[in-house]
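>>> Next comes the sequence, and after it the predicted model I'd like to discuss.
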Amino acid sequence: MEKILLPHLNTQTNSNLSFSFLTIPQLVDWASNNKLNYLAIADYYPYEITEFFNLCKAKKIKPIWGVKIFLQEKPAGKKFSATLYPQNNKGYKEVIQKLFAPDSPPDRSFSPVYILSTFSKNCLIVLEAQKIEEIKYLAAQWILTRSPQKEVNYENIFLGFNFFLLSPSQSIPSQIISRLLPFFAVKCLSPEEVKLLGLWKKTNFQRYFFLNDTSGEFTPYLNTADYFSRCTDDSTFYQLLLIQWQTFLTKIKLNPSFRSEKLSEAKKESALLLLKSKCWQKLIALKKEKETQYQQTLTEELKVIAQLNYADYFLIFSDVAQHLRAENIIVGPGRGSAVASLVAYLLGITQIDPLEHKLFFARFLNEKRKSLPDIDLDVENQDEVFNYLQKKYSKKQVARIITRKKTGWKVALREIAKLYRIDEIKLKEITSLTGENPDFSKLKLQKWQTAYPALFKLAEKIQNLYYDTGIHPAGVVISTGSLVGLVPLKAEKDYLLTLFEENKLAELGLKKYDFLSLRETLGFIREARSILSTSLPDYQKISLTDQKTWDNLKNFLLTGIFQLDTPSARTLFNRFRPQSFADLVIFLSLNRPGTRKKAEELSQNKNNNAKIGFTSPAIREILTETYGHIIFEEQISQILVLVYDCSFAEAEVKRRELPEKGLPKDFLTQAQRKMTLTESKLIYQQINSSLGYTFNKAHAVAYSYLTYYIAYLKANFLPKLITYFLNKRKEKELFYLQEAFFCGFQIKGPDINHSELEWIKKDSELLMGFSNLKGYQPEFFQALITERKKGGIYKNWEDLIARTLNYWEKVEAGVFEIWVKSGLFNSLGLEIDNLLSNQAAIFRYLSIRKRLVVVNNSLPFLHLATEKSIVNKALINQREFESLGLYVSYFSRWNEVSKGPNGVVVGDPNESCRRPKELATQDYKIYSLSAVLQKIEEYDNKETSLNIYAIICGLEKKSESNYILSLQDIRNAFQLNISSNFYQKNKENLVIHSELLFTLKIGVKRGKINSLVCESIRTF
């Protein structure tokens, strides 16, 4: 008998993560290639239901969609798997509304009475029972609970229900046969694939959907030879099943609509009128000089917004931004292409005037765009936004958005390797050979493939498949009505979560609102306002030519500044050296992966004042701001407008198609109408080569304001903000200290008589807090501070012990030693070495004094020598580093070492480096390495010898002929290569923590330090 291929009702897809290898596109293609008229899937969650229906519709295949659940009478009772298949659109809505409602059970277990009574009218319910015992159990325990009968009556147990049993077995009572459906496989896994799937389930990729793993032994595909033959052996039975299968199929008439309800015309008009009113009122209040230009721009933008029905979208963002500002929560100046919108600026969504920076609204929104853009808002407190939205709207109208994670080769190999217990060294070699696109022609990779064949087969099978879910970091969906029943939902702790990803929500017509968290950067601005107790100007009201700000930037004081304080940003900043706000915009556009070559070319053009190689006035106008190079996406569109005499909106469409289609064939012909053939070819080449790195100018402008604003606050208010930086940003403590020293502050270590718990500022001194001490005990030091404020400073050891005796009980000898080494007790007149040598006696004294305190409170303190001992600098540094993690007294010694004969500071261009006393009569200057970077053009294309006074904080033997010194000077941390011969000659002085004067020969080529050689060292 011919075996007919039937859709398998129990087909699982990778939509259920690691339950299956099959993706929906693969499954639909397979069904189409095999000329199936129907296709069924049964997943636990409807992540890809819209894709399934859309693809089936495109291939003219009838989609049959089922939702797998568990039936369970009591919480601790046995669970049985079942699948609900909506018959019609009403059934689909019921499933979405009730099975994926916020209050649905997280383990997907439902009462059978609830399921049968709720869904039996518009859904087909299929029980996955394969044994008669299971059928009897289901009937007796669940179905007959609705009837007074005590015995199973097979003729009426399913009366009134669209209820079916899924079973391949023939050994069942004849009365049940009419309720059976064939459990046939149409796409089978090979035995090898079944084995691989079993391996996958054992990895960490297996994510259970339920509180407890109730899936049991799960077989996603049934082998045709094993199961199909059971039915086909009996042709009568087989024909009966086919008829029942056809009956089942004809009952399903499902064609769900994936469009949300649209706003009524009245609501659209109301939103648009409100938007216009707000914008025009604000524009009039601003009293712009070029008011006609602003009015024309606003009119044009409002026209486009009305055409695209975007008024309500703008109003919601405006409302949120106003609420946050009213609650003193900082909002960023803008983000993304929305910064180019005058409407967004007038509504307070962004705080950057787009006309001042010649930004293009059509880059953000135009009638030619195929997909509408998002507005993104940077906020300090994301939770406040979510809470406000849920108060402003019904909680069922607001939800966060699910995301799904895919494996890559490296992730897949790393997880699967755990099954084979492959050690980290081998795994590192394997993943380094594979990358994300492995080339199996490599012999080394073939070796590992031969050693672990199943590892690579499974990795290849699952790479690019889903394995986990997450939550969109910023996206929120807001509906005009309830989301329940419109999209599948899941309740999280404080919010709802849509089980559709953002692209599927867009298909439903639901708009996504992005609120991105910039807690650290924006939080600092709020803290600064509080610390300064003043009303700070808005982003756009500060001077973009502020002298203090640019002095700080030119001196590379970049610590803590948004977008500038990373190793790659510092390197590029040193090379590019922005001199204006426009330069800063370019810098942020270049500070991204993949722009290194272009950044180097542009830096040379800028720093060498190279002329722009175009004679066309229009091209020169477009490229002048970026030194003759295409940097911004908007520049490409401007060039296309010039070449094709089209609108900016039409040019935007062409630009977006460039990555796939490239420039049109007629570009050179059209360009020659505006410029020479040579220049046409140059601009053609620039556009093609720029596609991988061009950046959105509107976003770059907005983030440049944020970067500059932080730099402005730091430059103008550092004395009031420095302790905030030191106390709140401990990971950057050394860098802030270096910059504070550069700005004239003196750095002092912790002192028992003057320190507080955290860093404090006294005039021009920065005094380290007790909390910096290793072994810090807050209760002990708070008690010492309280007593000190009450009775004055501690005059000596006797005074300290007498007044604080009760607090020393929890202080251990090891902790006390660390405190002593930090210099904590220096102001009591005792040297560190004396305290350390008498440590045991001190603790015996404390013990005795504790017992006798009630008898005699004026016992003399044990005798401790007060004469000063000679301690070398390396030992001081070592003690400080061990107790504080920093070299604190180095700052003070650097001040002393670097004073000239008249106490004048000499050395770097800012006169911030000083001459050692020992060298006062010699021709020496001491520099920080940053002095070279600040005026690197003076050293370009030559070698220069400079003296740098630094601490050795690391020493590593790299090879038999090479050592690496890790050095820290007053401004920088850097590495220095020295030869083995040099090390052997100077190894007595080349020890960790020692301070030395290094004479370095620095070679600079094309604006970069390319060689650093140690000529000599000197101690003093």
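Received, thanks. Numbers count the residues shown, from 1 in each chain.

>>> Point out where the stretch 101-250 of the chain drops to low pLDDT.
Residues of the stretch 101-250 of the chain that meet the criterion pLDDT under 70 lie in 129-242.

>>> list the buried ones in the longest helix along the chain?
Ranked by residue count under DSSP state H, the longest helix found in the chain is helix 697-728. Residues 697-718, 721-727 are the ones in helix 697-728 that count as buried (16 or more other CB atoms under 10 Å). Every C-beta, even on glycine, is put in place using the N, C-alpha and C of the backbone.

>>> Give the residue spans of this protein that score low on pLDDT.
Judged by pLDDT under 70, the stretches of the chain that qualify are 1-8, 16-19, 129-242, 260-263, 852-870, 899-924.

>>> Against which helices or strands is the longest helix of the chain packed?
Using 3 or more CB pairs under 8 Å, 6 or more residues apart in numbering; DSSP states H and E as the contact test, the elements touching helix 697-728 are helix 361-364, helix 519-532, helix 547-554, helix 581-590, helix 633-644, helix 733-742, strand 760-762, strand 765-767.

>>> Could you tell me the angle between that helix and helix 547-554?
Angle of helix 697-728 versus helix 547-554, following axes from the mean of the first three to the mean of the last three CA atoms, to 10 degrees, is 90 degrees.

>>> dump the residue contacts of the closest residue to E51 other than its chain neighbours.
With CB to CB, 6 or more residues apart in numbering as the criterion, E51 has its nearest non-adjacent residue at 5.6 Å, and that residue is I24. Residues near I24 by CB atoms under 8 Å, 6 or more residues apart in numbering: 13-15, 41, 48, 51-52, 55.

>>> now with 6 Å?
Neighbouring residues of I24 by CB atoms under 6 Å, 6 or more residues apart in numbering: 13, 48, 51-52.

>>> if I look at it, how far off is P373?
Plainly put, I24 is 28 Å away from P373 if you go by CB to CB, to the nearest Å.

>>> which of the contacts of I24 lies closest to H472?
Relative to H472, the closest of these is E48; by CB to CB it sits at 16.8 Å.

>>> Would you mind giving the domain segments of the protein?
Structural domains assigned to the chain are 14-251, 262-371, 408-464, 518-592+695-726, 597-685, 729-884, 923-1018, following automatic domain parsing.

>>> okay, those in a markdown table with distance to K391 next?
A markdown table is the format used below for the domains of the chain (distance: least, CB to CB, whole Å):
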| stretch | distance to K391 |
| --- | --- |
| domain 14-251 | 17 |
| domain 262-371 | 10 |
| domain 408-464 | 40 |
| domain 518-592+695-726 | 21 |
| domain 597-685 | 38 |
| domain 729-884 | 34 |
| domain 923-1018 | 49 |
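
>>> just so I know, which of those domains lies nearest T480?
Using CB to CB, these put domain 262-371 closest to T480, at 6.3 Å.

>>> chain center to the closest one, what's the gap?
28 Å (CA atoms, centre = their mean, to the nearest Å).

>>> Just the contacts of I24: which are in strands?
Using DSSP state E, no member of the contacts of I24 falls in strands.

>>> Farthest-apart pair in these, please.
T13 and E51 (10.1 Å).

>>> Those two: which is more packed in?
When neighbours are counted by other CB atoms under 10 Å, T13 and E51 differ, and T13 comes out ahead with 23 against 17.

>>> Was I right to think that one contacts Q26?
No. Checked against CB atoms under 6 Å, the pair T13 and Q26 is beyond contact range at 8.7 Å.

>>> Need the residues touching each of those two.
By CB under 6 Å, 6+ apart, no residue touches both T13 and Q26.

>>> Adding mean neighbour count and distance to K406, write the helices and strands packed on helix 697-728 out as CSV.
Shown next, in CSV, are these (neighbours: other CB atoms under 10 Å; distance: least, CB to CB, whole Å):
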stretch, mean neighbour count, distance to K406
helix 361-364, 25, 30
helix 519-532, 16, 28
helix 547-554, 18, 41
helix 581-590, 23, 29
helix 633-644, 23, 27
helix 733-742, 21, 38
strand 760-762, 14, 51
strand 765-767, 18, 49
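
>>> Since that was my last question, I'll sign off now.
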